[in-house]
Each structure stands twice: as structure tokens, then as C-alpha cells.
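Asker: Need coordinates for the following:
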Amino acid sequence: MAARGQSGDGVLEVRLRNLILGHSDTQPAQKTQNGDTQSPRQQPAAQPVVQSGQNKPPSPSAPDDIGGPGPSKTSRKRLNQAQRRQMSAQLSIPIDTRAPFHQSQRSYASPPSHQDQHQGARGGGGHHRREPRSATFRPPSRGNAIPSAPLTGVPFPSRSRHQSSLSYHGPMSTPNQSGWSQPPMHQGDPRLSYQMPGRPPIPGAPGMPFDGPPSMHSGHGSTDLISPGRPFETRPDELTAQSELLEGLCNTVVADAEIEPAEIMEKENFRIMIEEVARSAITEHERNENRLQDFTPENVQLKCFGSLASGFATKASDMDLGLLSPLSRIQPDAASSPIPRLVEKAFLDIGLGARLLTQTRVPIIKVCQKPTEELRLALLTERTKWEKGVTEDHDEDETHEGPDPPLVENIQAQPSVQSQEETAAPEQALQKFKQSETSSLSTYYVSAKRLLRRLGGRDITHSNLAEFKMEDVKLLNEVGLAFVEGLADIKLRDRLMRYRSLNRYDLTSQANNLRTLLGVFTQVEGEHMAILFESRPIQEKDRSREAAAESAVRSWRTLQDKSDFGRDPLVYQKELQLTVEQLKRISSLQVLLLSQAPNESAANYCSKALKLLHDLGGHDSRARADTILPTLIQHYIGGISTQAIREQVESFQQSHRVNNLRAIGRRHKSLQLAHEYEACLKKGLYTDEPAAKVRRYVDLLRAPIAKSPSPGYSNGMIPLPPDSAPLLLEMRLLGDPAGAAPNQPRDRYSSALEFPKSGVGVQCDINFSAHLAIQNTLLLRCYSHCDPRVRPLVLFVKHWAKVRRINSAYRGTLGSYGYALMMLHYLVNVAQPFVCPNLQQLARSPDGTLTPQQLEETVQCKGQNILFWRDEAEITRLARDNVLTQNREPIGHILRGFFEYYAKGGAAMSALPCRSFDWGRDVLSLRTHGGLLTKQAKGWTGAKTVVEVANSAAAPPTTATATADPIPAAAAAAAGSEQQANQTQQTNTTTAATAAVETKEVRYRYLFAIEDPFELDHNVARTVTHAGIVNIRDEFRRAWRIIRNAGRSSSSSQGGQGQQGQGQGQGQGGSNNNNNSQSHHGQNGGWRQEDLLDDVGKAEEVREREQFARLLEELHGVLVQEGGWGVCWAGRGGGGGGGGGAV
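Answerer: As a prediction, this is how the structure comes out:
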């Protein structure tokens, strides 16, 4: 028995060892079906584990059953070194000494987080292959310990949904005020031991315990050239060179851009003067009109906010003022307040330039100290028009959104004279809605949007689809049908009405069939192209392209008869748009639709036609005649935008019997150039002597071209007289007239009343709703006191954004305030140790003895929490004593990290143990501990179109409604009486009631998200469009590429530093989109690094001059050189194909 027992014990020992190694918690990771490595702790509890021949999972509460009867206590065997290393690599949890994020800050619900996408990559390098799905789709097992149903395939790992993000570790724990000590990250590195000027050095603290870089993933949008799975290693000499480069640039920029104290004093004196004027006007109004006899002038204040008050002002900074009058009966920012108009008139009466902008988000008065006489009279005329009740649309909308081609996004419903359509009933308005013979399809669509708005409706978007009611659907479908039935093209209308998607019965009787107005417009546009396709005189280049074109047309017709077109109107609209884009790519159709866009250059139009000729396989030669070239020439001439030029080009083609596209394009360019010169002469852009030379050159351009002895042969060049060499050089020096204001499209953000940038004295903007803006300014000013490096850092970034032309909120990029918040986020939350503490996190509890006015100024303003540590004297004292931060990094090193953080798109940082900013997911939140929220948590996942009431301030004095309270205006007050409503003027003036209900569409985008520190639902980057964010990100990538390449070698370092700080555009990366080349050959044959501060505007001017020189050379067949007063004759050129065509 003893022997048997010993033998059995040996077998049992082997069996137990195998079970421990096969089923214990320390077993090696197992391979899944697709090759991914999965740890046993990552297996969902719902997946059964077969043990000892049993086919059911063990009970969670029962002890482990190890091979039949036996003790419940599980035996364990000591692991060997290899097993312990494998277990540590798979199951250990990284230790982070910093405070974890709140669960809502980094909880990615859509799309799945990078940790999910690369869970298998960490263990075995494989990736899960996922099917595409909606952004709102959630796997059933995510975040649950036990799935509700068994999963097929590879299950999701069981883990908590609300875990701290591994892509960003956040700041270190916020210390107390007595010593916010944070150890330097690079222990023992003498280069990073930074001592502030005039301050005692602080001994370095022990290095921060860190367990190595976090688990990296191949992040979306990673821009680093190295593998994003491991941090980028920077050599000490490279880091030194990069920091020194940025340090020198920053010192140069700050010294040149810093505002002078004398300029600040001049602006302050002007502020005091206009404050007295505003006080007098408002006090008189409140006492006389509102019977507030105890109203004192001191109740009115003009407070400065913005860069001048925050400490981040430059020489070009304007003065922003906020008008506060808390005791007025009607607050200045109210829509019906007469105060903005009263202040405007008071400024005009004393000779200042003043203009009230009413279509902005809040009323703003632009003021200048010394307007020219012409400007002053224009402003007075504009004021008189308002007093008479005449309103005009100046396109002052603050949305700053570019239109979605070819349609205008924001449409103002502000006609100066009401037509019969506007006053008719809805049914009559729909019946009378027709397209005129001269109206384009895009213009007709804009009219349809205005009609829809006038009838109280709106188009469907993603943001308002859930709010649509039955009456909204009915009205929208009725306007869509009226749009089709009112088309001027009868054939097009009849074809469209036969499709199921535009059947009147389906759209009016069935409420579940929805159509968007934009979708109907797209359908009209596409059907027009389909009709042209049937009668096109030419075909595609080869059989494969012809088959693809026919397939696209068939798909288009099938789509219009789709049975479920009304199930999801936005999806159907997108399908229509995608199919139309396929039709637009058909080259034979592009020829039939060829036309010169307004303000499109003749050179660009000709290049477009030549490309079509190549795509169709045609030849621009009379020796190889085919049907493609004559057809293209016919449509080229017919598509010229200016009628006079079109007729002259047609006459040239017929008289010379020219059958060459380049020759016709050359004649078009010469006549277009003459037309542009004449427009500049008409506006008086040239002085007497240059104007005389321009007229002489215009006569030369318009002179008839002598016929060639050979019939049908003419190159379209204009011969120059022998003595005209100085004239041609003078024209080159004058520059291209196409860039002059008379030949440019009207800027929707400018006006004839816009103040010039110089020559009119001090300028300022007066905002009537600046309460929160003043608090933001105070917050930024306190941050500027925290450390002497804050101010130069912000000034440098603002200057960089300005020269790279990515600092205009009016044109789809980000304003200076946004860049200041980006830098503060880095200094507070990313830099290690932090440069500035989080002032909002350090706010003290409010004192219970505060008055209501003090509470409004320090605790809660306009319903928003404005608490932050605002003791400027205490902050300055602690900063002077070096107790606010232990970060001693030089400015150059901080700038290097700043550009890397925003350039790498979620990839690992090279010198910091965290990840870079993820533009697609993250929201910058300065108030938040850690500095980041998610777009999902904020609800900022998609663009929203909202309809807002147009802010038109007070109504003019000559128009009022019977139910409205009488509002005194400047003219009525001067006359000493209030004028009542005049019913007879309602048909030819814009009434107060109409002005009160004027609405506008505002597009809020969240492509880039920066949360305002106080107004939490306000995205500071809401004006950034798709093109804008592309330019911003490209510029950050370009800057990081230049910084990273600095110091790679001694020659490149010396050459690069020698070129920095000049700001001269020498053709190196001047365009926002030209960011591919890292360096280029200099004149001496060596390599020269790109200039970080290369001025885009100057580089663009250089390119425009070069393009204009090439145009002159093409028109006359000569080479124009600026080396002297002469022209280097390069020959007349020959053949119809000569010259190529200017780009």
C-alpha cells in the first residue's frame, strides 16, 4: 500500500504541476483564433473553461475543482525566472504617481479607444480585424464583467470602461501654496537647470519615479517619421541646438513685437476721453427718458480687456473695451437697448469715426480717433440711412464660416425692399416662386432658402433632425417641390418630376418621406448633367473610361428611383452628393460645363481647359485635327465670364481661323489683363505718371493682332515695338493688377466703411456684452504673473501664427486668444514640472460677506462660475520668490515641447512621458484637472447649425410697432418728441417688427475644440473650418519638422540658424499646404534649412510677381529681367503650341 501510495503521489504531483501551469492565474498568455495574444485575466467570464473532462464552467463561488476529490486549497509552485518575467510583462499595472483623471474626462465611447484597437498588439503584435460600424455602436461586452449573451469570434477583453487614459497621464498632484515643489524630469542635466534673471537658484529635487514610457500605440494621425510604438530619442546635442534656435528666435521676436509704454499711455488717454463721452450720453438718456434721477455717470464704465489688459499685447494690438452700465433700465447688450446707437451718435457728434456693427454675435462699435473727411461723411450718411429706416446687409456675420461650395452657408434674410413674394400668403409665395431666365442654379437655390426661412421653416441637418415636427416636414417638402416646379428649364423639370423621389403624392401625403432642400438642389444639378451626357458630341479617351462614365449615369438614375429615399433624408442627400461628384469627374461632361468662375484668372481657366484636352486624348495642333479640339475651343470661348472679352476672343478666333487652344488662351489673357488695368485706372489706383504708362500698355494689349500669312496660324502673341522694353519692365514692377482691390471679389468681412489700418489715430472696439471677456482677461493676466517666461512664450506663438497666416477667426482659423489658451494648457498640464499652477483649481471659497455686485465680479457672472485665484499681488510675490514652480527649463526647450505636443497627433512625446494632443478626440479645458476632456463627454462630436435672432440693436426712430414700447433715438431726442409708428411706410422700409424677428443660420463646428475657461458651452475654436484645421495642423507639423531637423549636423545647424529670424520669403515653404520639403538648395549649392518664421504673405507676394513675369513673357515672347532698365529678348517663339500657358 505504501508503495502504491508513493507511486500515486508521484503521478498526482505531475498532474498537479501540469494543472498549475495550465490553469493557474500565472499561466502564459494564450493565442486567440486570429493570432492575438490574450492573457487569462483578459478572458471574459462568459467564456467557459473546460477542466478535467467537465463541460461546464465552475461556479464563481465554488473552490477550484482540480481533478476530483481533494482539498479545496490550491497548491502553487514557485515559477521560474522566465515565467515570472512573462507574467510581469503581461499582467503588471504601470504605476503613475499623478492623480487619475475623472472618469468622464477620458471615457471614449465613440470611436473605440486606441487601447481597445491595439489590445492584442501589446501581447503578440496582431490586430483585431473589425467590421465598419456606426460611431454610436457599442460592443455588448464592453465594460461588463459578464456579457449578456455569448460572443462569437474573439471576445472583447473584460475591463472597466472608466479607467484612466494611457494616452495622457495628466499633471502631477497639485501641491500647496507654500511650496508647489515638483522635481525636474531630467535629473542631473545641466542644460535644463534654468535660473530666472535676478532670482536665486533653487536646488534640484530628486528625480521623479517613473516606470518607463506608457504602452504606446500606432495612433491615428501620427505624424512622426519614426515608429509611434516607441518614444523618439533625441540626442543631447540635438536637444541643445533645438532649444538654442528657439531661444534666439523668441528673444528677437519679443524685442521687436513688444508694445511701447508710450503707445499704451496714448491708448489709455483715448479710453478715458471716450469714456466721459459715453457716460454723458447714457446718463442723459437714463435721467430724461427713463426717469432715473439718481443715475450717476460713475455707473458707466469702459473697461479694457483683451491683449492690452492681459499683458500679451504687441505693437499691432487693438484696444478692446467693454461698456458696463449695470443700473440702466435696459442693459446695453439687450436687443432692444438704445444705448449702442446713442453712444454711436455721441462719438460722431464730436468728430470721431464710429460705426455700429449689428450683425455680430453682440453689438460692437468700431471707433477711430482721427477719421479722414471722406470716411467721416460716409459714416454720417450710414447713420442717416438708419434713422430713416433703411437697412442694408453688410455681411457682418460673426460665424466666419466659408461656404460649402457652391452654396452659401449663412444667409441673411434682410431685403431692403419687400417684394410681393414676401408679403403674400405661403401658398401664393410657393406658386409665384420661379427661376428667372438669367438666374443661375446656385442663385435660385439661395432664393429657395430665403423663402423657406421667411415661411418659418429650415432645412434638415444632423443637429435639428430630432426636433422636426410634422408641420416642419410638410413645409420643407412643399418648398422642395416648388423649387423643382419653378425651374426655367422645362425639359429638366419634367424629367425630375417623373422620378419617385420627387413624386408629389409621396412627399405630401406620406409623413415618413423626408427630403432636404440641399438634396433636392443636388438632384437638380445631377439630372442636368445626366441630360447633357445623352447629347454630348465627344466621348471619353478610351473604352474603360467610357464604360465607367456610363455606369455612373446609370447609378444616378437608379438612385433617383430608390424606394426608401425618405427613410433617412441626410443619408440619401449624401448618396446624391457622392454620385454627383462621380458625374463631375467625367471629362466629356466637364467640357460641356466649362465656364470661367467669377474672378478666376484667365491663366487658370486656360490651364483647366488644356488639362481637359489631355484627359480626352486630344491634340492642340491643326495638323492633327479631331472633334475634341473644336468642341473644347467652342465651349472655352462660350464660358468666358466677361461678355466683352468673350466677344473679342470669338472675333479673334473667327477672323484668324485659329484652331489652337493655347493661342486662343493667350489672346484671352491679354484682353483680361487690359480689362484689369482699366478697372484700376477707373478707381484711381495709379498716380499720373504710372497711369499714363498703363494706358499706353493697355492700348498695346488691345491692338489688333496682324494676320499670319499662313491661314489658320497665329500664336496669339503681341509684338512689342523696339522702344517698349522700359515700358514692359515698368509694368512688371507695378505688379499684377488682378490682385488689386477693384479686381478682387468683395470680402464678406470687409466693407466700404471699414477703417484703414493706419493713419486714423487710435482705434478700438467697444463691446456691449464683455462681462465674461473681462474675467477671461483677468485670468490670463494672473497667469502672466506666475512666471516671467509666460509672456514671451505667448507672444512668440502669436507672432508665429500671424506670419504663417493661421490666426484669423474671420477666415476659418484660430484667433490669438485660442493660441494663448493652447500655450497655457501646455504650461499648466503638460510641462513637467508645470510652469504655472492651475489658478481655477486653487480658487478660494467665496467670502460670505460679499455684496451682490462683488459676487457678480468675483464669483458668478452671467450665471457662470468665475472663481479662480485672482490675487495678483500674492501671485507676483510668490513668483518672485520662486515658490510657484520648480520648472527651470529655458524658453527654447518649452517651445520645443509645445510644438511637438500639437504636431504629433496623439503619438508619444520624445522628452515627456505622455502622449501628444489628439485633435480628433481631445478638448482643451484649462479649468479641468489634467487639462483635457473628450468631445464625446462634451457632446461636441458633430457640427451644429442653429438659427439665431439677428442682433440688430434698437430700431430706427421713424419705425415702431403699436405694441412695442417707445424707444427714444438720437434724432427723436434732438427734436424733443417721440415719433409714433407710420403705417404708410411699412411697405417700403424695414419695420421694427421685421428687424426684431430677423434670423440667421450659425454653424458651430467642433473640428478643433477649446473650452472657454468660464463659458463652458462655448468653443473658442468654433470658427475653425475644415480648411482651417488642415492649415493649422500642417503648420504645426512644419514647425516641428524644422525644429527636429535643427542640429542634425553642424552644417545644417549653422545654415539653418543663419537663416532664422529674417522673416523673408525666399520660396521655402511659403504656402500653408507646401509642407513636404524639409530643405532645399541654396544659391551656393549647399543645403539650407527652412525658416520657422517665414512670412507667408511675403512669400506669396514673391510667387505672384514671378507668375506675373511669366505671363508677360508668354504674351510677348520675351524674357523680362529686373537687372536693369532693359528687356532680354528671348525670341518671338513660333508655332501655335509655343508658350505653354501661365500657371
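Asker: Any figure for the gap between R877 and T777?
Answerer: 21 Å (Cβ to Cβ, to the nearest Å). Bear in mind the C-beta positions are built from the backbone N, C-alpha and C, glycine included.
Asker: For these two, indicate the residue with more neighbours.
Answerer: Comparing R877 with T777 by other Cβ atoms under 10 Å, the one with more neighbours is T777, at 24 against 13.
Asker: how about the more buried one, what does it touch?
Answerer: Residues near T777 by Cβ atoms under 8 Å, 6 or more residues apart in numbering: C304, F305, G306, A309, S310.
Asker: Spatially, what comes nearest to the fourth one if we skip its sequence neighbours?
Answerer: Pointing back at A309 there. T777 (4.7 Å; Cβ to Cβ, 6 or more residues apart in numbering).
Asker: What of the third one?
Answerer: Excluding its sequence neighbours, the residue lying closest to G306 (Cβ to Cβ, 6+ apart) is D320, at 3.6 Å.
Asker: Give me the contacts around the helix or strand containing the one you found.
Answerer: Here D320 sits within strand 319-324, counting by DSSP states H and E. Here strand 319-324 makes contact (Cβ under 8 Å, 6+ apart) with 267, 270-271, 274, 278, 300-308, 332, 339, 343, 762-771, 773-774.
Asker: ok, of the residues you listed, which come out buried?
Answerer: 267, 270-271, 274, 278, 300-308, 332, 339, 343, 762-771, 773-774 (16 or more other Cβ atoms under 10 Å).
Asker: Mind checking what secondary structure the closest residue to Q523 other than its chain neighbours has?
Answerer: Setting aside the residues directly before and after it, Q523 is nearest to L576 in space (Cβ to Cβ, 6+ apart), at 5.7 Å. Under DSSP: H, G, I helix; E, B strand; the rest coil, the three-state class of L576 is helix.
Asker: can you check R557 too?
Answerer: R557 - assigned by three-state DSSP - is helix.
Asker: Provide a list of residues in contact with it.
Answerer: Contacts of R557 (Cβ under 8 Å, 6+ apart): A530.
Asker: where does it land on pLDDT?
Answerer: Per-residue confidence (pLDDT) for R557: 94.
Asker: Please apply the same query to T989.
Answerer: pLDDT, read off for T989, is 36.
Asker: The one 5 residues further on now?
Answerer: Here the pLDDT value assigned to T994 is 39.
Asker: Same question for G1082.
Answerer: 43.
Asker: switch to numbering from 45
Answerer: Taking 45 as the first residue, the last one we looked at is G1126.
Asker: Among the contacts of T821, which lie within helices?
Answerer: Of these, the ones assigned to helices by DSSP state H are A353, S354.
Asker: Now pLDDT and distance to R580 too, for the contacts of T821, in TSV please.
Answerer: Output for these, formatted as TSV (pLDDT from 0 to 100; distance: Cβ to Cβ, whole Å):
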residue	pLDDT	distance to R580
C348	94	64
F349	93	61
G350	91	58
A353	92	64
S354	92	62
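Asker: what two of the contacts of T821 have the greatest distance between them?
Answerer: Across those, the longest distance by Cβ to Cβ is 9.7 Å; it joins C348 and S354.
Asker: F812 is in contact with I383, correct?
Answerer: Yes: contact criterion Cβ atoms under 8 Å: I383 and F812 qualify, at 7.1 Å.
Asker: joint contacts of these two?
Answerer: With Cβ under 8 Å, 6+ apart, I383 and F812 have common neighbours L367, P376.
Asker: which parts of the helix or strand in which E1145 is found are buried?
Answerer: Using DSSP H and E, E1145 sits within helix 1140-1160. Neighbour counts over helix 1140-1160 (16+ other Cβ under 10 Å) mark V1140, A1143, E1144, F1152, A1153, R1154, L1155, L1156, E1157, E1158, L1159, H1160 as buried.
Asker: Next up, the contacts around D586.
Answerer: Contacts were defined as Cβ under 8 Å, 6+ apart; by that measure D586 touches G661.
Asker: Quickly note the distance from the residue nearest to R373 when sequence neighbours are not counted to F812.
Answerer: Spatial nearest neighbour of R373, chain neighbours left out: N334 (4.5 Å); criterion: Cβ to Cβ, 6+ apart. Distance, N334 to F812, by Cβ to Cβ: 17 Å.
Asker: is it true that P836 touches I935?
Answerer: Yes: with contact defined as Cβ under 8 Å, P836 counts as touching I935 (6.1 Å).
Asker: hang on, the earlier thing: among the buried residues of helix 1140-1160, find me the one that's closest to E1134.
Answerer: Nearest to E1134 among those is A1143, at 11.1 Å by Cβ to Cβ.
Asker: Now do the same for the closest one: its pLDDT.
Answerer: Looking at A1143, its pLDDT is 89.
Asker: Torsion angles phi and psi at D338?
Answerer: D338 adopts backbone torsions of phi -90, psi 10, taken as degrees, to the nearest 10.
Asker: list the buried ones in the host helix or strand of A473?
Answerer: Using DSSP H and E, A473 sits within helix 470-476. Neighbour-count burial for helix 470-476 flags A473, L474 (criterion: 16+ other Cβ under 10 Å).
Asker: other SSEs contacting that helix?
Answerer: Helix 470-476 sits against helix 464-467, helix 485-498, helix 514-529, with contacts defined as 3 or more Cβ pairs under 8 Å, 6 or more residues apart in numbering; DSSP states H and E.
Asker: Now it - C-alpha only, PDB.
Answerer: Taking Å, rounded to 0.1, in the frame of the first residue of the first chain, the C-alpha atoms of helix 470-476 are listed here in PDB:
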ATOM      1  CA  PRO A 470     -47.400  80.800 -48.100                       C
ATOM      2  CA  GLU A 471     -49.400  79.100 -50.800                       C
ATOM      3  CA  GLN A 472     -49.200  82.200 -53.000                       C
ATOM      4  CA  ALA A 473     -45.500  82.600 -52.300                       C
ATOM      5  CA  LEU A 474     -44.800  79.000 -53.300                       C
ATOM      6  CA  GLN A 475     -46.800  79.300 -56.500                       C
ATOM      7  CA  LYS A 476     -45.000  82.500 -57.500                       C
END
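Asker: E388 belongs to a strand?
Answerer: No: counting by three-state DSSP, one finds E388 to be helix, located in no strand.
Asker: Which residues lie in contact with it in this structure?
Answerer: A398, R399, L400, I409, R427.
Asker: and with 10 Å instead?
Answerer: For E388, the contacting residues are 325, 396, 398-400, 407, 409-411, 423, 426-427, 430, 810, 997, 1014, by Cβ atoms under 10 Å, 6 or more residues apart in numbering.
Asker: Closest one to A723 out of those residues, please.
Answerer: Looking across these and measuring by Cβ to Cβ, the closest to A723 is E426, at 25.2 Å.
Asker: Just say helix, strand or coil for that closest one.
Answerer: Applying three-state DSSP: E426 is helix.
Asker: Correct me if wrong: it contacts K432.
Answerer: No: the criterion here is Cβ atoms under 10 Å, and E426 misses it with K432 at 11.0 Å.
Asker: who's more crowded, those two?
Answerer: Set E426 next to K432 and count neighbours by other Cβ under 10 Å: E426 wins out with 19 against 15.
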